[in-house]
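In: I'll drop the sequence and a predicted model, then ask my questions.
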Amino acid sequence: MLGILLGLIVLMALAYLGWSIIWVAPIAAGVVALTGGLDLLEAYKDTYMGGFVNFAKEWFPVFMLGAIFGKLMEDTGMARSVAVALTKIIGTKRAILGVLASAAVLTYGGVSLFVVVFAVYPLAISLFREANITRRLIPATVALGAFTFTMTAIPGTPQIQNLIPMDYFQTDAAAAPVMGLIAAAVMAGGGYFYLRWREKKLTAQGELFTEPKEDKTMSKEDEIPNFILSLLPLVTVLVTLNLFNWDIVVALISGIVLIMLLNIHKFKRFVGSINGGAGGSVIAIINTSAAVGFGTVVREVPGFEQLTALLTGIKGNPLISEAVAVNILAGATGSASGGLGIALEALGSRYYEIAQSTGVSPEAFHRIASLSSGGLDALPHNGAVLTLLTITGMTHKDSYKDIFVVAVLIPVISVVVVILLASIGIL
């Protein structure tokens with residue numbers, strides 16, 4: 001147990017310092033192996049790399065196709081078209097709601113979080129300028145729309161954080177829909193009202209819009225595509241995945257093909273977009289696979305049985321122990337998918353057994369695992385948070401307090417709410 005704890009501390013500390021998890025995870029796994037009595041070389045070459053390779057084999061197609069889909073949406077202007085149309089519908093007077101809705105629709109449609117940040121930021125600048133709202137709230141507004149309820153809560157979302165639990169619990173992407181919708185309402189509603197309160201408070205203090213020092217908005221290369229046509233690929237992925245029950249790989253391919261057909265006049269950009277998306281997905285899958293490899297080593301040491309007993313022995317609903325495990329590991333790695341991968345690789349089979357023996361549905365375990373991955377993951381060392389602050393030109397001092405509330409605190413509260421409702425029999 002002490003060795004596992006020490007390994008987690010090493011993982012968290014080095015990740016927080018900005019060191020890549022690609023080589024930090026093997027070091028942390030080595031700490032666990034040495035303190036757990038495993039042969040170090042065998043633990044790395046067989047156990048660690050076995051978990052790494054198995055996860056990559058299972059999930060690389062999804063990571064790659066998802067990244068290509070998002071990159072094509074970005075480069076063809078379709079992502080921007082959806083965002084612009086939504087903000088026009090909502091209006092500039094409700095700037096926070098417009099940015100939030102734009103980010104949410106794109107994320108729920110399958111566009112990667114990083115692409116959403118680039119697509120929505122130029123619109124956020126325009127809306128916040130016209131509404132005279134301080135720029136320090138832009139990162140939290142985008143984070144609420146992209147990093148929370150559309151990533152983990154709304155049933156059917158094609159984001160990887162909702163797909164990983166499927167194999168462990170024999171479920172589908174729409175698992176536990178009522179539980180997910182309640183959590184989404186807590187996150188979206190709570191986050192929006194918090195941001196509106198902050199807007200009024202900061203405005204009253206005299207904090208208004210200021211022009212960014214550097215113009216990091218996207219240049220307008222062409223007229224943006226028609227909104228309805230731009231929405232079609234997003235709808236196609238959602239419908240084929242959830243209504244037709246197609247495999248996520250086939251659903252993403254259908255969305256990619258449709259983007260290319262609708263933008264055939266921009267065919268010269270396709271190779272660059274596909275290359276860019278595919279290249280970016282490699283780092284993403286390796287990061288998550290590295291984290292999963294760490295979880296595989298943890299599972300092999302004797303202290304893991306004690307850890308399992310400790311977590312599964314938490315009094316009350318077994319969903320509580322799952323939420324605690326996933327949140328802690330997501331926080332340690334600074335990654336929702338990484339923490340989720342570690343937790344389910346180590347404990348997924350045990351929780352599935354508990355589901356079979358206690359009557360708590362596997363769908364509930366799926367949804368709680370997904371929701372919990374989107375809590376402590378957004379601590380200051382999270383890669384998406386760092387990218388968001390960089391693109392918006394803000395610092396942790398400027399904006400992280402608000403990001404913490406909407407992307408960490410309120411999502412954790414949403415998990416507590418749904419577990420409480422499940423425990424008293426409402427769900």
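Out: Great, that's in hand.
In: count the residues that sit near residue 200.
Out: 11 (other Cβ atoms under 10 Å). Where you see a C-beta, it was placed from the backbone N, CA and C, and this is true even at glycine.
In: next, the buried residues of the helix or strand containing it.
Out: For residue 200, the element it lies in under DSSP states H and E is helix 177-204. Using 16 or more other Cβ atoms under 10 Å as the test for burial, helix 177-204 gives 179-180, 182-184, 186-188, 190-192, 194-195, 198-199, 202.
In: looking at those residues, which is nearest residue 144?
Out: Here the nearest of these to residue 144, counting by Cβ to Cβ, is residue 191; it sits at 4.2 Å.
In: now that closest one: how far from residue 405?
Out: Here residue 191 is placed at a distance of 8 Å from residue 405 (Cβ to Cβ, to the nearest Å).
In: same check, this time on residue 57
Out: To residue 405, residue 57 is 38 Å away according to Cβ to Cβ.
In: kindly report the same for residue 164.
Out: In terms of Cβ to Cβ, residue 164 sits 26 Å off from residue 405.
In: ok now the next helix or strand after the helix holding residue 200, how far from the chain's centre?
Out: Tracing the chain C-terminally past helix 177-204 and defining elements by DSSP H and E, one meets helix 227-242 next. How far helix 227-242 lies from its chain's middle: 20 Å, per Cα atoms, centre = their mean, to the nearest Å.
In: residues contacting residue 30?
Out: Contacts for residue 30 were tallied using Cβ atoms under 8 Å, 6 or more residues apart in numbering; they are 40, 43, 44.
In: what's the lowest-mean-pLDDT helix or strand in the chain packed up against?
Out: The helix or strand of the chain with the poorest confidence is helix 303-312; it has a mean of 77 (mean pLDDT, DSSP states H and E). With contacts taken as 3 or more Cβ pairs under 8 Å, 6 or more residues apart in numbering; DSSP states H and E, helix 303-312 sits against helix 2-16, helix 318-333, helix 336-358.
In: just the buried residues of the first one, please?
Out: By neighbour count with 16+ other Cβ under 10 Å, helix 2-16 contains the buried residues 3, 4, 7, 8, 10, 11, 12, 14, 15.
In: now the helix or strand that comes right after that helix: how far from the chain's centre is it?
Out: Next helix or strand after helix 2-16 toward the C-terminus (DSSP H and E): helix 21-35. With Cα atoms, centre = their mean as the basis, helix 21-35 stands 24 Å off its chain's centre.
In: how far off centre is the least confident helix or strand of the chain?
Out: For helix 303-312, the distance to the chain centre is 27 Å (Cα atoms, centre = their mean).
In: can you tell me what sits against that helix?
Out: By Cβ under 8 Å, 6+ apart, helix 303-312 touches 1-4, 35-36, 298, 318, 321-322, 324-325, 346-347, 350, 354.
In: swap the cut-off to 6 Å and go again
Out: 1, 3, 4, 36, 298, 321, 325, 350 (Cβ atoms under 6 Å, 6 or more residues apart in numbering).
In: and the helix or strand containing residue 150, what does it pack against?
Out: If you go by DSSP H and E, residue 150 is part of helix 149-152. Judged by 3 or more Cβ pairs under 6 Å, 6 or more residues apart in numbering; DSSP states H and E, helix 149-152 is in contact with helix 95-108, helix 177-204.
In: redo the ones you listed as CSV? Include distance to residue 249 and mean pLDDT.
Out: Below are the helices and strands packed on helix 149-152 laid out as CSV (distance: least, Cβ to Cβ, whole Å; pLDDT from 0 to 100):
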stretch, distance to residue 249, mean pLDDT
helix 95-108, 19, 94
helix 177-204, 23, 97
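In: nearest to residue 418, out of these?
Out: helix 177-204 (4.9 Å).
In: could you give the separation of the closest one from the chain centroid?
Out: Distance of helix 177-204 from the chain centroid (Cα atoms, centre = their mean) equals 18 Å.
In: try stretch 372-388
Out: For stretch 372-388 - counting by Cα atoms, centre = their mean - the centre lies 8 Å from the chain centre.
In: between all of the contacts of helix 303-312, which two are separated the most?
Out: 36 and 321 (21.5 Å).
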